[in-house]
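In: Fold the following.
(one chain, ligands or ions: 1)
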Amino acid sequence: MRRQRPTLLAVSTLIAVTLTTAPTPANAHRAAPPDQVSALTAHQADGYTTLAWQPVDGATDYQIERTPVDADNNPTGAPTIVGIWRPNRQINQQAPTFADAGYHPGDTFQWRVRARTGSTEQPYSEPVTATTTAPWGNPTTPGESLRTQWETTHAAQYTSDTDEYAYTAAIDALSDRVRVVELGRTVQNRPINMLVIGHPTPPATPAAVAATAPVAINCNVHGNEPGDREACLIMARQLAFSTDPRVTDLLRHTTVLIVPTINGDGRANNTRGNSTGQDLNRDYSLIRQPETAAYITMVRDYRPVAGYDGHEFGNSRAGDLPMLPPRHQNVAQPIFDQSQDMIEGHMYAKGAEAGWWACPYGCEGGGNVGLSEETILRNTLGLKNVTNSLLELRSSGGQTRPDEGNTANNRRRKTYSALWTFQQFLDYHRGDRADILTARTEAIESQAANTGRLVFRGSRPIPAHPAPHPGDSPPPLDAPPADLILDNPPCAYKLTDAQYNGARTDGPGGVGTTVAQRIAAHGWKVITIGDDHYVPLNQPERGLIPLLLDTKGVEKLADGERVYPTLTGRRNGPLVVTGFTCADDATINGPVTVRAGAALVTTATTISGPLTATGAAGVLLADSTVNGPVRIATTTDAISIIDVTIAGPVDLSGNTTGTDAPVLAGTTIRGPLSCTGNNPAPTNLGVANTVNGPRTAQCAAL
Ligand SMILES: [Zn+2]
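Out: Okay, here's the model as predicted:
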């Protein structure tokens, strides 16, 4: 979609008016040749300048020239070609823009742009001169005056670990909007901090933050890719202290979660992996390492609905900002679609306004990248029903930014392009929050329904757009191989006690957390009967569970035993559930009683009711109907009711399910809902229920 640029068009109009209403002999004979770029404007933003001009017919590309000038517009350095505009940069070819960055913010420059037709250079435009925007924040206002080590050294140094801690602690101390929490420690005992940012103050607890549909930015997983981290630190200051109504509006409507450095050891040593050499972005599902375990536990507790994950990438032909959605085919379609909308609907359009070149990761001969490993945060988050994207910053200046042999200029372009992206991410969430939440609800309900094949590796295709277009060269297809597809999904995986609680040696130092601990960090419900531990698939993260517990899993934790439904089809008469019972596509005409210590798991099942469970190990209902009352009391392990229609009162009482809260989500109850004495109290995961009766006690807000 072509979007207008009101500010820039207004400036262009003013120039045109000046030329047409005040002709003089001096400029009359300077009428622009047809091949000369006209109406050049320079719009200032944080760390970059958007140059825009009227296109020249037949131009194959444009060169952007920048010259440093003093206060009297006298050159203080040589003119330099700093940019090459190519047609595949942007979606609206008729309104070319280029984000020039890499200079020292606050300096003054003159710019000119010329078209090239093939190798023929056309005349330069008339110059425009402007003073660029200084680093954000009034230097005399407390808080705003904070600067990172990277800023104070003019990008000569990256911000060190200790400087980061001091900077974020100062923001925390000076801004009511910010709370810095420690998510965990790295292998070498560095704190992994997260800024929790809201207005006027951030909500007090993770659950309260979760209720605001928060967004999360992971800034630095690969220690030798530090550009995004510097952007995160600058953005944290802006969010903490800006009085811009846009910022306060954003923070009144959600909570922003920023993790500057998940891989503090790798950053300190400038290595891709952590101190053990593990690539943390191949560990978010397995969570063998303390860093990834900390992040995944955060996702469980704070429940971000949208995310970005920052990287740098070395393809010199690629765009400024390669991005990619969660593509693994087990990701729910609405999450893939919403993530694609964020990238192609929002970032491509806004990039064309600002002059930044977003494209799919893997674009322009990017190689065999952007695939389906569920160990990559992009895919892990998608499998957790989070709308999200990878962000890559092109490491080198590449063919379109020829001035970046200068290291500081190169670093500044990367960081300010990341800052633009993250700010756009917040705007997207603000504008499309309802759609993001709808996608999440649909994803949770479709995952819990446990329908459709499971794929162990394989991606959804990223469609190519007709060239020239930022998306004209997508990453590889990455179709799932036949031997990594399971057409008939089981109801659950059964783990032995040795598999579940046994010691592991796949963590740092040859030790590791147990499967039980990792499943708990993911937030999956588990039912224990005797020595067996069952992980049902009718859960919101259904697409991720088999990747870790099925024998076909490419990078798995255990060879769990597939458990298939034993109750299908029509059954008449009372049913007493003992042991682990799974019903799928069943119609049960009669009352159902779940015995103490037993478990019932249903999908696509209708029960005439009533359904009564007292002292059960677990009751997990999804995509089902109960035409009668439901009473679940004193359950010991797990309760989940997702997308169920219940004609009758629902009573949850005295259930004690450890640290795992009962879930009641996306469910319609024709009758009263009562929840008393449950520890912990039930949650709806942010997916509302419809209750045609009073909701009382612990379920009053569900
Ligand atoms: Zn990376």
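In: Only C-alpha atoms from now on, for both contacts and neighbour counts.
Out: Noted.
In: Once you drop chain neighbours, what's closest to the residue of the stretch 101-250 of the chain found nearest the ion?
Out: Residue nearest to the ion within the stretch 101-250 of the chain (CA to the ion): His222, separated by 5.0 Å. The shortest distance from His222 to any non-neighbouring residue, by CA to CA, 6 or more residues apart in numbering, is to Arg272 (4.4 Å).
In: can you pull the pLDDT of that neighbour?
Out: We have a pLDDT of 98 for Arg272.
In: From Glu404, how far off is it?
Out: 23 Å (CA to CA, to the nearest Å).
In: Over to Tyr416?
Out: According to CA to CA, Tyr416 and Glu404 sit 14 Å apart.
In: Tell me the pLDDT of the nearest residue to Asp283 once chain neighbours are set aside.
Out: Of all residues not flanking Asp283 in the chain, Thr375 sits nearest, at 4.8 Å (CA to CA, 6+ apart). At Thr375, the model reports a pLDDT of 98.
In: How about Ala448?
Out: pLDDT, Ala448: 98.
In: quick one: contacts for it?
Out: Taking CA atoms under 8 Å, 6 or more residues apart in numbering, we find Ala448 in contact with 537-542, 622-623, 642.
In: nearest to the ion, of these?
Out: Closest to the ion, out of all of the contacts of Ala448 and judged by CA to the ion, is Glu541, at 24.8 Å.
In: can you give me the strands for the stretch 151-300 of the chain?
Out: Using DSSP state E, counting those that start in this stretch, the strands of the stretch 151-300 of the chain run over 178-185, 191-197, 215-218, 256-259.
In: what about the closest residue to Val259 other than its chain neighbours, neighbour count?
Out: Nearest residue to Val259, sequence neighbours excluded (CA to CA, 6+ apart): Met194, at 4.4 Å. Met194: 26 surrounding residues under other CA atoms under 10 Å.
In: Which one of the residues in this protein is closest to the ion?
Out: Closest point on the chain to the ion, by CA to the ion, is His311, at 4.1 Å.
In: And the average pLDDT for the helix or strand hosting that residue is what?
Out: Following DSSP states H and E, one finds His311 within strand 306-313. The pLDDT scores in strand 306-313 average 98.
In: Each with direction, which strands does that strand pair with?
Out: Applying DSSP bridges, strand 306-313 is found paired with strand 215-218 (parallel), strand 387-394 (parallel).
In: Looking at those strands, which one is packed in the most?
Out: strand 387-394 (a mean of 28; mean count of other CA atoms under 10 Å).
In: close to the ion, is that strand?
Out: No - figure legend: strand 387-394 not in contact with the ion (CA under 5 Å from the ion); closest approach 7.3 Å.
In: Count the residues that sit near the residue nearest to Asp283.
Out: 20.
In: need the contact list for it.
Out: Counting by CA under 8 Å, 6+ apart, Thr375 has contacts 281-286.
In: would JSON lines of those residues with neighbour count, distance to Gly58 and pLDDT be doable?
Out: Below are those laid out as JSON lines (neighbours: other CA atoms under 10 Å; distance: CA to CA, whole Å; pLDDT from 0 to 100):
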{"residue": "Asn281", "neighbour count": "20", "distance to Gly58": "44", "pLDDT": "98"}
{"residue": "Arg282", "neighbour count": "18", "distance to Gly58": "46", "pLDDT": "98"}
{"residue": "Asp283", "neighbour count": "21", "distance to Gly58": "49", "pLDDT": "98"}
{"residue": "Tyr284", "neighbour count": "26", "distance to Gly58": "49", "pLDDT": "98"}
{"residue": "Ser285", "neighbour count": "29", "distance to Gly58": "50", "pLDDT": "98"}
{"residue": "Leu286", "neighbour count": "24", "distance to Gly58": "53", "pLDDT": "98"}
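In: of those, list those near the ion.
Out: Okay, of those, nothing touches the ion (CA under 5 Å from the ion).
In: Turn these into a markdown table, including distance to Ala99.
Out: Shown next, in a markdown table, are the contacts of Thr375 (distance: CA to CA, whole Å):
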| residue | distance to Ala99 |
| --- | --- |
| Asn281 | 30 |
| Arg282 | 33 |
| Asp283 | 35 |
| Tyr284 | 34 |
| Ser285 | 37 |
| Leu286 | 39 |
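In: now, which of the residues you listed sits nearest Cys359?
Out: For the contacts of Thr375, the closest approach to Cys359 (CA to CA) belongs to Asn281, at 20.9 Å.
In: How much space separates the residue nearest to Ala688 when sequence neighbours are not counted from Asp637?
Out: Nearest non-adjacent residue to Ala688, counting by CA to CA, 6+ apart: Gly666, 5.5 Å away. Going from Gly666 to Asp637 by CA to CA gives 21 Å.
In: and if you look at Ala354?
Out: 52 Å.
In: Tell me how far the closest residue to Leu195 other than its chain neighbours lies from Gly143.
Out: Among residues not flanking Leu195 along the chain, Val180 sits closest, at 4.5 Å (CA to CA, 6+ apart). Distance of Val180 to Gly143, computed by CA to CA: 15 Å.
In: Please say which of these two ends up with more neighbours.
Out: Gly143 (22 against 19).
In: And what about the more buried one, helix, strand or coil?
Out: coil (DSSP: H, G, I helix; E, B strand; the rest coil).
In: and if you look at the one 4 residues further on?
Out: On the three-state scheme (three-state DSSP), Arg147 is labelled coil.
In: who touches Gly102 in this structure?
Out: 47-48, 404, 408-413.
In: Those in helices, which ones?
Out: Residues of those located in helices (DSSP state H): 408-413.
In: Let's see the pLDDT reported for the residue nearest to Pro672 when sequence neighbours are not counted.
Out: Of all residues not flanking Pro672 in the chain, Gly693 sits nearest, at 4.2 Å (CA to CA, 6+ apart). On the pLDDT scale, Gly693 is placed at 95.
In: repeat for Ala16
Out: The model reports Ala16 with a pLDDT of 35.
In: okay if I get the strands paired with strand 306-313 as TSV plus mean pLDDT?
Out: Output for the strands paired with strand 306-313, formatted as TSV (pLDDT from 0 to 100):
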stretch	mean pLDDT
strand 215-218	98
strand 387-394	98
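In: Show the contacting residues for Gly618.
Out: Contacts for Gly618 (CA under 8 Å, 6+ apart) come out as 527, 597-601, 635-639.
In: Tell me how many other residues crowd the spatially closest residue to Thr659 that is not a sequence neighbour.
Out: Spatial nearest neighbour of Thr659, chain neighbours left out: Pro680 (6.7 Å); criterion: CA to CA, 6+ apart. Using other CA under 10 Å, Pro680 has 16 neighbouring residues.
In: so who does Pro680 touch?
Out: Pro680 touches 656-662, counting by CA under 8 Å, 6+ apart.
In: Mind doing that once more with 10 Å?
Out: Going by CA atoms under 10 Å, 6 or more residues apart in numbering, Pro680 touches 654-662, 698.
In: Same check on Ser459?
Out: So Ser459 contacts 326-331, 370-373, 379, 476-480 (CA under 10 Å, 6+ apart).
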